[in-house]
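Visitor: could you look at this predicted model? Sequence included:
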Amino acid sequence: MTTTATVAIPALTPTGLNMAGVKLDDALWLHGHTGAAFTKALATERGNRILQLVRSYGSP
């Protein structure tokens with residue numbers, strides 16, 4: 001049996017992302033994208049770096 005833990009991820013706002021360790025300029029950059037552009041932004045190197053920080057937020 002696999003056990004998973006739930007980690008609270010901050011809201012995808014510049015302030016929430018900044019709390020997760022994302023630089024504010026990166027958070028503002030991501031926040032400026034919506035819809036399909038948001039998905040494309042996450043596929044970039046910068047977006048991937050942001051995702052990694054958010055995923056590791058709250059991890060032991």
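Guide: Received the coordinates, thanks. Numbers count the residues shown, from 1 in each chain.
Visitor: return the set of buried residues in stretch 19-37.
Guide: Ala20, Val22, Asp26, Ala27, Trp29, Leu30, His31 (16 or more other CB atoms under 10 Å). (C-beta placed from N, C-alpha, C; glycine too.)
Visitor: stretch 35-52 now?
Guide: Within stretch 35-52, the residues scored as buried using 16+ other CB under 10 Å are Ala41, Gly47, Ile50.
Visitor: hmm, the last one is touching Asn18, no?
Guide: In other words, Ile50. No: using CB atoms under 8 Å, Ile50 makes no contact with Asn18, being 10.8 Å away.
Visitor: who touches both of these two?
Guide: Jointly contacting Ile50 and Asn18 under the rule CB atoms under 8 Å, 6 or more residues apart in numbering are Ala27.
Visitor: low-confidence stretches in the chain?
Guide: 1-11, 59-60 (pLDDT under 70).
Visitor: can you map out the helices along this protein?
Guide: Along the chain, counting by DSSP state H, helices occupy 14-19, 24-31, 35-42, 45-56.
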